[in-house]
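[1] Here you go, sequence then predicted model.
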Amino acid sequence: MPASSLQHLINANHAWAERVEREQPGFFKTLAAQQTPEYLWIGCSDSRVPANQVIGLAPGEVFVHRNVANVVVPSDLNALSVIQFAVDVLKVKHIMVVGHYGCGGVLAVLHDQRVGLADNWLRHVNDVKMRHRGRLMHLCGGEQEDALCEMNAIEQVGHVAQSTIVQDAWARGQQLSIHGWCYGLKDGKVKDLQVTMSRPDHVVDVYRAAIKRYPRAATFVPELDDTDPQADEV
């Protein structure tokens, strides 16, 4: 087989499809006829974090968007298009923003390491780092890394909740909740970051409560961090 061939992957796909069909006759015909997921997963592109497998769902049960460091910003029409389709067309009931410990993008930002073109995208994570430096930079080693991975996920939950798509859905009474999780590569378990937002009037309070779980350094003098009214905006 030529070195450039991916036939082994095609073979594996065929074996998988045949196994699924044996175990669940008619599975693919049913799947092809409908797409009615209740969940949208917004996660990192990291190959070690497969959405369906992590939460034990079959194909067709979760709509997925992934990018480097699970970032959601108002200028990203790709992410917003996915959210809009999931909310307005598929009528998902839950959006999970899922970070993961050991995220390469987050760690690159934390340790000021250049990775290339993606550095421009990771400026959004750097904003999180600088915004909460008083709660972050006094931590040591793994604690600091884990905290920034969690804080980044919390920030992105806020961004999703403040999007016009979600705000409009809530305004018309649509049932929709936004959740923040962090996945552990070392144990395969998800941690709930306690930042679930289900109503527009609770977004800021839920966000503030989540961030305040990370104590600020006693010697930190804020300039513009999360104590500032501007910084309290999600």
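    Thanks, I have the structure now.

[2] Residues touching the helix or strand bottoming out on mean pLDDT in the chain, excluding its own?
    Among the helices and strands of the chain, helix 27-33 carries the lowest confidence by mean pLDDT, DSSP states H and E, at a mean of 89. By C-beta atoms under 8 Å, 6 or more residues apart in numbering, the residues outside helix 27-33 that reach it are 17, 20-21, 59-60. Using the backbone N, CA and C atoms, a C-beta is placed for each residue, glycine as well.

[3] Can you flag the buried ones in those?
    Among the contacts of helix 27-33, the ones that count as buried by 16 or more other C-beta atoms under 10 Å are G60.

[4] From the contacts of helix 27-33, which shows the smallest pLDDT?
    Across the contacts of helix 27-33, the member with the lowest pLDDT is P59, scoring 87.

[5] What sits closest to that one if chain neighbours are left out?
    Distances taken as C-beta to C-beta, 6 or more residues apart in numbering place L31 nearest to P59, at 6.1 Å, with adjacent residues excluded.

[6] And the residue nearest to H100 when sequence neighbours are not counted, how far from G56?
    Spatially, and ignoring its direct neighbours in sequence, H100 is nearest to Y183 (4.1 Å; C-beta to C-beta, 6+ apart). Relative to G56, Y183 is positioned 13 Å away (C-beta to C-beta, to the nearest Å).

[7] quick one, which of the two is more surrounded?
    Here Y183 and G56 are compared on neighbour count by other C-beta atoms under 10 Å; more neighbours surround Y183, at 26 against 7.

[8] Quick check: buried residues in the longest helix seen in the chain?
    For the chain, the helix reaching the highest residue count under DSSP state H is reported as helix 141-161. Residues of helix 141-161 classed as buried: 144-161 (neighbour count, 16+ other C-beta under 10 Å).

[9] repeat for stretch 64-75
    When neighbours are counted by 16+ other C-beta under 10 Å, the buried residues of stretch 64-75 are found to be 65-72.

[10] Just give me the closest of those residues to V203.
    Distance from V203 was checked for each of the buried residues of stretch 64-75 by C-beta to C-beta. The minimum falls on V72, at 14.0 Å.

[11] Touching, the closest one and V160? I think so.
    Yes: using C-beta atoms under 8 Å, V72 makes contact with V160 at a distance of 5.3 Å.

[12] Residues in contact with both of those two, list them for me.
    Each of 42, 83, 97 lies in contact with both V72 and V160 under the rule C-beta under 8 Å, 6+ apart.
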